[in-house]
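# requesting a structural model of the entry that follows:
(one chain, ligands or ions: 1)
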Amino acid sequence: MKTKSHISYFDNQMHIENVSVESIAKDIPTPFYCYSYSAIKAAYLEYEAAFSELDTMICYAVKANSNQAILKTLSDLGAGADVVSEGEIRRALSAGIPANKIVFSGVAKTEAEITLALDNDIFQFNVESEPELLLISQIAATKNKFPAISIRINPNVCAKTHEKITTGKSENKFGIPIAKAREVYRYAASLPNIVVQGVDVHIGSQLIDLVPFEEAFNKVAEFVTILKNDGHKISIIDIGGGLGIDYSEDEIEPDKNAYATIVKHCLSHLDCKIIIEPGRSIVGNAGILVSSVVYVKKGEERQFLILDAGMNDLIRPSMYDAYHQIKPVNNSVTEVSHYDIVGPVCETGDTFSKNRELPTAKAGDLIGILSCGAYGTVMSSTYNTRLNAPEIMVNDKKFAVIKPRLSYEEVIAQDIIPDWLLK
Ligand code: LLP
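Numbers count the residues shown, from 1 in each chain. Sure thing, here's the model as predicted:
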């Protein structure tokens, strides 16, 4: 159990901090997401402590979980934000994250998004291509602004993670290959309304092994030296996010201090401010998805534990074959069974786990799916016209709904029947 993430059992009852999950389920029908405020805070502070010897700005990757309560928690601690869309810029600002701590990443920034970012004077654009550089310069010229940019380089390293979330290989759409990047920096410096300030890299997500980071940062260091020799004033190195978490019992979560030591070792001699963009490692282990068993169905070869949470609530197992620990909320049953743990959605892919050993369960039992704080609710949908799972935040002995479940009326009212269909 993830006691360090503030999720543990007291008297065989799963608790988040000092609130029993069962007591929340008495108020809030399942499925729902539930986050520990203290776990989020602790993870952020671990980063702050690990990087205290370096001039660092921690820009939380909003995509991991963009709930206003979570952004406000982090903003109060002094966090900045890494955003990838107009929506995320708006969410970050609205939660009180100052524009001068916002970095804007992403391969497809549109004119409207660039305009919004310029109007708010964000800290930096992380640029992914030459046409993007040109567009930023053109829009900035109309406003007499001189935005600071870093160019995302693609170091061509293998991040040793799932292929769908690796980004630093030459076949991925992200960044500019180092071999070509020098020329792109020259181009950037030639544009009238661009200020070249840094270098950006992000090689992938859910990295458990620190070696690929070291490989990438060494390449970045070498490249920054080249850029400085070319006359560019490089004062920022944005090293992206990507530090993994321990989803399974036998995975060991990489240590933030060891990560910081690598950063120091590879980059501190360059006298640059370091930006980090952690997402998952701040919120991932702080959240669980709570669900109820609807039926136990005995097939010919397998037993199915059919939950009221599905792939529309948590898509990671279907999409990345991701492993999540699944635990009973009431841990007093000692007999175990093996189950295929599935959701209600009409697809075979709506499977959380196959042949998983669990204490023998019955209809109505509450189940906690762990490590769901990152890339859970943000990737959810209302597929099968299932209502969104609400979100709850726990702080010590209290809890609050931080996103309610919409009603069927609200969901259906989003559709519009054109006049010509109404008789
Ligand atoms: N910075 C950039 C530019 C990114 O693209 C990402 C994540 C991050 C920071 C944050 O990475 P983190 O610290 O969270 O690993 N949906 C997938 C993960 C996609 C990650 C995308 N980029 C999943 O559920 O595993």
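
# pull out the buried residues from stretch 108-115.
For stretch 108-115, a neighbour-count test (16 or more other C-beta atoms under 10 Å) marks K109, E113, I114, T115 as buried. No exception for glycine: its C-beta is placed from N, CA and C like everyone else's.

# try stretch 206-217
In stretch 206-217, counting by 16+ other C-beta under 10 Å, buried: Q206, L207, I208, L210, P212, F213, E214, E215, A216, F217.

# same question for stretch 87-95.
E88, I89, R91, A92, L93, A95.

# Provide the secondary structure category for the closest residue to the last one other than its chain neighbours.
Think A95. Distances taken as C-beta to C-beta, 6 or more residues apart in numbering put L71 closest to A95, at 3.4 Å, once the chain neighbours are dropped. Look at L71: counting by DSSP: H, G, I helix; E, B strand; the rest coil, its state is helix.

# tell me which of the buried residues of stretch 108-115 is nearest to the ligand?
K109 (12.4 Å; C-beta to the nearest ligand atom).

# gap between that closest one and Y47?
Counting by C-beta to C-beta, to the nearest Å, the separation of K109 from Y47 is 26 Å.

# residues of the chain that sit close to the ligand?
Within reach of the ligand by C-beta under 6 Å from any ligand atom, the chain has these residues: 61, 63-64, 82, 105, 165, 202, 205-206, 240-243, 277-281, 316, 320, 374-375.

# next step: the residues you listed restricted to strands.
Using DSSP state E, the members of the residues of the chain next to the ligand that fall within strands are A61, D82.

# go through the residues of the chain next to the ligand and flag which are in helices.
R280, S281, R316, Y320 (DSSP state H).

# farthest pair in these?
S281 and Y320 (16.8 Å; C-beta to C-beta).

# so which of these two has more stuff around it?
Set S281 next to Y320 and count neighbours by other C-beta atoms under 10 Å: S281 wins out with 27 against 16.

# could you pull out the strands for the stretch 151-300 of the chain?
Under the criterion DSSP state E, counting those that start in this stretch, strands of the stretch 151-300 of the chain are mapped to 176-177, 195-200, 236-238, 273-276, 287-298.

# residues touching E357, list them.
Applying C-beta atoms under 8 Å, 6 or more residues apart in numbering to E357 gives the contacts V336, S337, H338.

# what is the nearest of the residues you listed to the ligand?
Of those, the one sitting nearest to the ligand (C-beta to the nearest ligand atom) turns out to be H338, at 26.1 Å.

# report how many residues lie close to the closest residue to the ligand within the stretch 1-150 of the chain.
Closest residue of the stretch 1-150 of the chain to the ligand, C-beta to the nearest ligand atom: A61 (3.5 Å). By the measure other C-beta under 10 Å, the count of residues near A61 is 28.

# the one 4 residues further on now?
Using other C-beta under 10 Å, N65 has 29 neighbouring residues.

# same check, this time on the one 10 residues further on
Using other C-beta under 10 Å as the criterion, S75 is surrounded by 20 other residues.

# could you do L77 as well?
Residues near L77, counting by other C-beta under 10 Å, number 15.

# OK, contacts around it?
L77 neighbours (C-beta under 8 Å, 6+ apart): K41, Y44, L45, E48.

# and with 6 Å instead?
Y44 (C-beta atoms under 6 Å, 6 or more residues apart in numbering).

# and it, its phi and psi?
With angles defined as degrees, to the nearest 10, L77 sits at phi -90, psi 0.

# who are the neighbours in contact with the closest residue to S281 other than its chain neighbours?
Excluding its sequence neighbours, the residue lying closest to S281 (C-beta to C-beta, 6+ apart) is L243, at 4.3 Å. Contacts for L243 (C-beta under 6 Å, 6+ apart) come out as P254, Y259, P278, S281.

# quick one: those residues as JSON lines, columns for pLDDT and distance to I7 too.
Formatted as JSON lines, those follow (pLDDT from 0 to 100; distance: C-beta to C-beta, whole Å):
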{"residue": "P254", "pLDDT": "95", "distance to I7": "20"}
{"residue": "Y259", "pLDDT": "98", "distance to I7": "23"}
{"residue": "P278", "pLDDT": "98", "distance to I7": "20"}
{"residue": "S281", "pLDDT": "98", "distance to I7": "16"}
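
# quick one: the helices in the stretch 51-200 of the chain?
For the stretch 51-200 of the chain, the helices defined by DSSP state H, counting those that start in this stretch occupy 68-76, 86-94, 111-119, 130-142, 178-190.

# and the contacts of the fourth one?
The one in question is helix 130-142. With C-beta under 6 Å, 6+ apart as the test, helix 130-142 has contacts from I114, T115, L118, F125, V127, P147, V184, A188, L191, N193, I194.

# with stretch 373-383 instead?
33, 35, 64-66, 279-280, 283-284, 286-287, 312-315, 391.

# now do the end-to-end distance for it.
Distance across stretch 373-383, first residue to last, is 20 Å (C-alpha to C-alpha, to the nearest Å).
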